[in-house]
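In: Fold the following, please.
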Amino acid sequence: MVEWLKNEEPIDPKREPNIYSTAEHDLVIEQAHLSDSGNYTCVATNVVAKRRSTAAMLTVFVNGAWSMWTEWSPCSVRCGRGWQKRTRTCTNPAPLNGGAFCEGTSVQKIVCSSLCPVDGAWEPWTVWSPCSSECEHQRVRACVAPEPRYGGKFCEGLSQESENCTEGLCIQSQTPLQEVQPQSIETNSDVALYSGLGAAVIAVAMLVVGITLYRRSQSEYGVDVIDSSALAGGFQSFNFKTARQGNSLLLNPSMQPDLTVSRTYSGPICFQDPVNKELMTQSPLFDSLPGIKVKVQSSLMVSLGVVDGVEYHGRLSSRTYPRNSRSVDKIHARSNAPSSQHLPAAITQAENRTSGIFGCLGGCLEGPTKGVRLLVPLGAIPEGNSWEMYIAVNQGVNSLQPEGAEVILSPEVTCGPPGLALSSPIALTIPHCAMVCSEHWSIKLKRQTLTGKWEEVMLLEDETTSCYCLLDPQSCHILLDHLGTYALVGEAVTECAEKRLKLAVFGHLSYSSLEYNFRVYCVDDIPSVLQELMSEEKSQGGQLLDEPRTLHFKANSYGLQISVLDVPQFLWRIKPLTVFQEFAFSHIWCRNQQPLPCAFRVERFNSATTHFSCKICIRQLKGDEQIFHLSTSILEDEREAVHICTQAASEVATLAGPKAFKIPYSIRQKICSTFDVPSASGKDWRLLAQKLHIDRNLSYFAVKSSPAGTILDIWEAQHQNDRDLDSLASALEEIGRIQCPASMIAEGDGDESDYNYGG
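Out: Down below sits the predicted model:
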């Protein structure tokens, strides 16, 4: 007797019409299905003995197929030209056991347009009509330039005008116009002529008197002209002429700027003798922005108690703060450092690079700055190999140049060495500053090639099998098969797109014992950028005055306004009376992650004053707002230090082997063996991804040898900071495929063999 077993269960031909046995006892499967996968064994028995064949494993390859298209999304704009999109996934079915991936695109976009309301406008008036018998003429106009359409407003005003066409000489009575005596008409003309001549003589006389009085006032006060660029705020170079001795009025708001002054002084603005001013030096940290608007009040207006000052619009120079030549040389050398796929000079320093040695057991390498991490999963490095791997963060000038409306959202992070033959993907975590929302952002991952150019790896919302990106509110976790230099860029789809900015205030005493400087910085909310700013300020003697604040900056084309309020008027004064500054939108939204400073200088009236307080308001029109309440001692030994959490290179933790992973090895093996096997009911790795909220781009996992293992790898990278297994345990308990996760985890913690990743 010969019979066949499938997974140790006898095959019943009556229940399996797709399977039958031939006369030679060969097993034939007419049409293979996914459910036919399994281990098949032939058993032959007689009255003497029983023999079993070697088990034959049957694997059915399943090619992927697209799901149905989703409905078209709403048009991206209310009126005008926009776009709509629809998506589909390669999950009907997903490719299994090495089957082919779906061909074609997963996203389709079409152009949509809707008519915008058009308000009506008047056409020009027609010429006046001939004078009528009623001594009037008329003109008309129509609301056709353009006509109101699609719900637009109708023109406001009259469509017809009429007026007397004889300058009042026509009397609508019994006497016709022709009967008016010529002598009376001539008399009226003479009166009008003489009246006009008299008015002209009076106007000329008044003009002469006004010019004379203006020249006398200039001679009396002896005020010359100050260049308007000197009022542009911060510490800028400026031009002015020396005022006469004994003149108490330094500024005259009624005078216009004179751009032809002959004497030029370069130095911080102050209304003192400009002799012995230090020359400004170049530094990217303190570069000012062209077109800053500054609102100032003249000393005359302050002395009169006038609240509303005169507003000047100046163009700032490129020098904002004095520095020594050594720091300038250091920054200049760093900004000119080359960038390539190999580590550039800007990131080969110890503070910008970390490394660790890893083998087949994997491990975790924390980067040189907070939020940057490299997770090497178990088995990613082939057995018997041990490699030194590194992470480097570029803290100099970015080599990535955005295209079009793109903005840089993350630091440039290099993981290496390049060219390693990995057995499975590694997980790279990099921070970003975008407020994640697929409706408002289009985010891309880019990679630097060996030639130094940047290429697009993937659009995060697309389906691809080359890479996987999991975007969290503050970090992006990337599964990579190839090591190299990566960065995130984004393009705002709507005006509601936001990115996070970090605001920080630093201060220090100037060379003059009576002056105190403080600077307000606006940088992208990326730990490496803030860390670089802290280091730069420390080298310049700056002290952090308050905890940095986060501001959500919208893509609504409005700039950032900074106001200094509530300065004690009897103890301090702001020089040069600058209380308001504004940064243009483009300088904040599109800048290449360089610190953006706003500098203020205050002067105390008495050297005994050691305490300074004020309120700094930073806001975006139709956007977010942050307020700093400063109250600090200007003396370093009396100031209370403000500490923030920044990770230095010496604090980097490198974990190799089982201790780097939160999931014990035995638990991981059970999860993978349970969920890697395809299930007709759908309770396989796809359900695991859904419960762990990693269910986007399932096609990437479908082509892996262990989809569940790859899902656990990205989950490990996502939860390295919290070290909490609750979310995984809850997902497994909800699925109900294995025993209670809590007991399994407790069992794994108590058994040392669970951490033996060697098998």
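In: With adjacent residues omitted, what lies nearest to residue 695?
Out: Nearest residue to residue 695, sequence neighbours excluded (Cβ to Cβ, 6 or more residues apart in numbering): residue 689, at 4.6 Å. Bear in mind the C-beta positions are built from the backbone N, C-alpha and C, glycine included.
In: In three-state terms, label that neighbour for me.
Out: Secondary structure, DSSP: H, G, I helix; E, B strand; the rest coil: residue 689 is helix.
In: check contacts around it.
Out: By Cβ atoms under 8 Å, 6 or more residues apart in numbering, the contact list for residue 689 reads 695, 698, 701, 707, 711.
In: In the residues you listed, find the pair that's most separated.
Out: Of all pairs drawn from the contacts of residue 689, the greatest distance, 11.9 Å, lies between 695 and 707 (Cβ to Cβ).
In: Comparing the two, which residue is more hemmed in?
Out: Shown here are residue 695 and residue 707; by other Cβ atoms under 10 Å, residue 707 has more neighbours (24 against 16).
In: now the residue nearest to residue 695: how far from residue 495?
Out: Using Cβ to Cβ, to the nearest Å, residue 689 is found at 34 Å from residue 495.
In: do the same with residue 14
Out: Note on residue 14: its distance to residue 495, by Cβ to Cβ, is 67 Å.
In: which one of those two has more residues nearby?
Out: Each of residue 14 and residue 495 has its neighbours counted (other Cβ under 10 Å); residue 495 has more, 13 against 5.
In: Just the element for the spatially most central residue of the chain, please.
Out: Ranked by distance to the mean C-alpha position of the chain (Cα atoms, centre = their mean), the top residue is residue 499 at 3.7 Å. Here residue 499 is covered by strand 498-509, with elements defined by DSSP states H and E.
In: Would you indicate which residues of that strand are buried?
Out: Within strand 498-509, the residues scored as buried using 16 or more other Cβ atoms under 10 Å are 498, 499, 500, 501, 502, 503, 504, 505, 506, 507, 508.
In: Mind listing the residues bridging to the last one?
Out: Going back to what we said before, that points to residue 508. Beta-bridge pairing of residue 508 under DSSP bridges involves residue 517.
In: Test my guess that it contacts residue 539.
Out: No. Residue 508 is not in contact with residue 539 according to Cβ atoms under 8 Å; the separation is 11.6 Å.
In: got the contact list for the closest residue to residue 548 other than its chain neighbours?
Out: Leaving aside its sequence neighbours, residue 548 sits nearest to residue 504 (Cβ to Cβ, 6+ apart; 4.3 Å). Residues counted as contacts of residue 504 (Cβ under 8 Å, 6+ apart) are 520, 521, 523, 530, 533, 544, 548, 549.
In: Format the buried residues of strand 498-509 as TSV; extra columns: pLDDT and distance to residue 733.
Out: Below are the buried residues of strand 498-509 laid out as TSV (pLDDT from 0 to 100; distance: Cβ to Cβ, whole Å):
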residue	pLDDT	distance to residue 733
498	93	36
499	92	38
500	93	35
501	92	41
502	92	39
503	92	43
504	93	44
505	92	48
506	91	50
507	88	54
508	82	56
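In: Just put those residues in JSON lines and tack on distance to residue 24.
Out: Listed next are the buried residues of strand 498-509 as JSON lines, based on distance: Cβ to Cβ, whole Å:
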{"residue": "498", "distance to residue 24": "72"}
{"residue": "499", "distance to residue 24": "72"}
{"residue": "500", "distance to residue 24": "72"}
{"residue": "501", "distance to residue 24": "78"}
{"residue": "502", "distance to residue 24": "77"}
{"residue": "503", "distance to residue 24": "82"}
{"residue": "504", "distance to residue 24": "83"}
{"residue": "505", "distance to residue 24": "88"}
{"residue": "506", "distance to residue 24": "88"}
{"residue": "507", "distance to residue 24": "93"}
{"residue": "508", "distance to residue 24": "94"}
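In: Could you check the pLDDT of residue 187?
Out: Turning to residue 187, the model gives it a pLDDT of 56.
In: And residue 574, by the same measure?
Out: Per-residue pLDDT puts residue 574 at 84.
In: now swap in residue 363 and tell me
Out: pLDDT, residue 363: 92.
In: Excluding chain neighbours, what is closest to it?
Out: That would be residue 656: by Cβ to Cβ, 6+ apart, it lies 3.7 Å from residue 363.
In: Double-check that neighbour against residue 356; I have them as touching.
Out: Yes. Contact criterion Cβ under 8 Å: residue 656 and residue 356 qualify, at 6.6 Å.
In: between the two, what contacts are shared?
Out: Shared contacts of residue 656 and residue 356, defined by Cβ under 8 Å, 6+ apart, comprise residue 363.
In: Which one's more surrounded, the two?
Out: Neighbours around residue 656 and residue 356, counted as other Cβ under 10 Å, are more numerous at residue 356. The numbers are 20 against 17.
In: wait, is that one part of a strand?
Out: Yes. Assessed with three-state DSSP, residue 356 lies in a strand.
In: Chain neighbours aside, what residue packs nearest to residue 135?
Out: Nearest to residue 135 is residue 170, by Cβ to Cβ, 6+ apart, at 3.4 Å.
In: pLDDT at the one you found, what is it?
Out: According to the model, residue 170 scores 72 on pLDDT.
In: Spell out the secondary structure type for it.
Out: coil.
In: from what I can see it touches residue 133, true?
Out: No. Applying Cβ under 8 Å, one finds residue 170 not in contact with residue 133, separated by 9.7 Å.
In: Residue 150 versus residue 114, what's the distance?
Out: 9 Å.
In: no, scratch that, I was asking about residue 475
Out: 46 Å.
In: With residue 406 instead?
Out: From residue 406 to residue 150 the distance is 34 Å (Cβ to Cβ).
In: Now that residue 90 has come up, it's in contact with residue 100, right?
Out: No. The pair residue 90 / residue 100 is not scored as a contact, 9.9 Å apart, by Cβ under 8 Å.
In: Tell me which of these two has more neighbours.
Out: Neighbours were counted for residue 90 and for residue 100 using other Cβ under 10 Å; residue 90 has more, 26 against 13.
In: so what pLDDT did the residue nearest to residue 695 get?
Out: So, for residue 689, pLDDT stands at 90.
In: Out of the contacts of residue 504, which sit inside helices?
Out: Secondary structure from DSSP state H places 530, 533 of the contacts of residue 504 in helices.
In: Whichever of the contacts of residue 504 end up buried, select them in ChimeraX.
Out: Remark: buried members of the contacts of residue 504, expressed as a ChimeraX selection using 16+ other Cβ under 10 Å:
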select :520,521,523,530,533,544,548
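In: Which of the contacts of residue 504 sits closest to residue 562?
Out: Taking these together and measuring to residue 562 by Cβ to Cβ, the closest member is residue 520, at 5.7 Å.
In: Provide a list of residues in contact with that closest one.
Out: 503, 504, 505, 562, 597, 598, 600, 616, 618.
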